[in-house]
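# Provided below for reference: sequence and predicted model.
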Amino acid sequence: MSSKVDLPNSIEETLTLLSSGGYLADRALATVLHLSLRMKRPLFLEGEAGVGKTEIAKVLSATLNRPLVRLQCYEGLDVSSAVYEWNYAAQMVEIRMAEASGSVNRENLNTALYSPRFLIKRPVLQALETTELGAPIFLIDELDRTDEAFEAFLLEVLADSQVTIPELGTIKSEEPPITIITTNRTREIHDALKRRCLYHWVDYPTAERELQIVQTKLPTAAATLSGQVVAFVQRLREDDALFKKPGVAETLDWATALTELQEVALDPEMVSDTLGVLLKYQEDIDRIKGSRTRAILDEIRMEANSQATIAGSMPAPTA
């Protein structure tokens with residue numbers, strides 16, 4: 001039987017918790033996440049697509065042994081899709097049954113029709129339900145895809161962990177959900193919402209951390225291939241002319257694809273053939289394949305040879 005997992009008591013414990021779920025975070029991210037958990041405040045994560053913002057909520061759900069409630073945002077998202085709606089079909093059946101019985105008390109029928117048994121709970125209401133394992137993880141994913149009207153509605157949820165339903169009144173959670181909000185910054189989120197959250201910008205990882213991520217997520221990949229994949233992606237991110245720079249998710253996808261093809265190192269032909277796994281716009285692929293690919297691979301090999309030469313020239317440690 002599943003048991004409740006206590007929240008981490010320090011930044012180090014938070015780092016360990018994330019690491020146990022396969023998420024290699026830097027100390028800054030672990031610090032703000034720790035504060036969010038202890039202060040019971042929503043965590044607002046901003047950054048480019050594919051840098052691991054959504055994954056944090058998934059890892060918290062797995063490591064803290066709590067249900068994950070995900071609200072995937074999109075243009076036109078409204079209260080009936082995000083919060084609640086009434087089961088109109090069941091309400092109509094109830095009305096027909098009351099009429100058939102011949103004793104219809106309008107006031108009692110109205111009360112019965114707008115009772116919790118006819119309420120269809122959407123993600124926001126589900127997130128306000130505390131379970132035996134504690135408050136759920138509430139992921140509000142890609143908030144920047146919605147409009148400002150929906151942002152305004154969320155203010156009550158984020159500030160007071162409650163929702164007001166006109167027919168029922170205010171529904172408040174016993175314990176605030178662990179709320180993670182993500183945005184790819186396709187538009188600015190209003191300050192009123194940000195004030196209710198702790199904030200962190202999730203950046204692309206350093207080469208060292210990204211290599212650790214690849215080795216952790218894909219231990220079967222050849223060591224040379226993992227190093228070259230990370231080095232290649234890191235160089236692509238230096239190119240500001242790219243329409244969409246690859247994130248960590250694309251790095252992992254590419255490393256997985258090359259491993260499936262039983263590659264142990266990068267070569268120009270294979271890179272050009274598989275760029276569609278790494279880059280998502282044809283203009284970016286056209287810019288990188290061919291001579292640009294060969295130039296990057298030459299740089300990577302020269303750097304690797306230089307590092308090997310330096311390592312070989314260092315004196316051996318004495319006993």
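Yes, it's here.
# who's in contact with Ala100?
For Ala100, the contact set (C-beta atoms under 8 Å, 6 or more residues apart in numbering) is empty. Every C-beta, even on glycine, is put in place using the N, C-alpha and C of the backbone.
# buried stuff in the helix or strand hosting it?
Remark: Ala100 resides in helix 88-101, with elements defined by DSSP states H and E. Under the neighbour-count criterion of 16 or more other C-beta atoms under 10 Å, helix 88-101 has Glu94, Ala98 buried.
# need the next SSE after it, C-terminal direction.
Next along the chain from helix 88-101, counting by DSSP H and E, comes helix 106-113.
# other residues contacting that following helix?
Counting by C-beta under 8 Å, 6+ apart, Trp86, Gln91, Glu94, Ile95, Ala98 sit against helix 106-113.
# just to revisit the earlier point, can you state the direction angle for the helix holding Ala100 and helix 106-113?
150 degrees (axes from the mean of the first three to the mean of the last three C-alpha atoms, to 10 degrees).
# need the contact list for Gly50.
Gly50 neighbours (C-beta under 8 Å, 6+ apart): Pro246, Gly247, Val248, Ala249, Glu250.
# could you rerun that using 7 Å?
Gly247, Val248, Ala249, Glu250 (C-beta atoms under 7 Å, 6 or more residues apart in numbering).
# out of those, who's the most crowded?
Val248 (23 neighbours; other C-beta atoms under 10 Å).
# I'd say that one and Glu210 touch.
Yes - taking contacts as C-beta atoms under 7 Å, Val248 lies within contact range of Glu210: 6.5 Å.
# His200: how many residues sit nearby?
For His200, using other C-beta under 10 Å, the count is 20.
# before we move on, back to that, list residues touching both of Val248 and Glu210?
With C-beta under 7 Å, 6+ apart, Val248 and Glu210 have no common neighbours.
# where exactly do the strands run in this structure?
43-46, 68-72, 84-86, 119-121, 137-141, 162-165, 169-172, 178-183, 198-201 (DSSP state E).
# need the contacts of Gly50 in JSON lines with distance to Gln262 and pLDDT, can you?
Compiled in JSON lines, the contacts of Gly50 are given as follows (distance: C-beta to C-beta, whole Å; pLDDT from 0 to 100):
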{"residue": "Gly247", "distance to Gln262": "25", "pLDDT": "94"}
{"residue": "Val248", "distance to Gln262": "23", "pLDDT": "95"}
{"residue": "Ala249", "distance to Gln262": "22", "pLDDT": "94"}
{"residue": "Glu250", "distance to Gln262": "20", "pLDDT": "96"}
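# quick check, nearest of the residues you listed to Leu7?
Val248 (25.8 Å; C-beta to C-beta).
# hmm, back to that, among the contacts of Gly50, which lie within helices?
Applying DSSP state H to the contacts of Gly50, the entries found in helices are Val248, Ala249, Glu250.
# want to try TSV for the residues you listed, with distance to Gly52 as columns?
Converted to TSV, those look like this (distance: C-beta to C-beta, whole Å):
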residue	distance to Gly52
Val248	5
Ala249	8
Glu250	12
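# for those residues, which one is nearest Arg187?
Among the ones in helices among the contacts of Gly50, and counting by C-beta to C-beta, the member closest to Arg187 is Ala249, at 21.8 Å.
# for the closest one, give me its contacts.
Gly50.
# with Leu155 instead?
Ala192, Leu193, Arg196.
# okay, Glu48 and Lys245: tell me how far apart.
7 Å (C-beta to C-beta, to the nearest Å).
# what of Glu94?
In terms of C-beta to C-beta, Glu94 sits 55 Å off from Lys245.
# just Val83 next, same as before
35 Å.
# the two - which one has more neighbours?
Higher neighbour count among Val83 and Lys245: Val83, with 25 against 19, using other C-beta under 10 Å.
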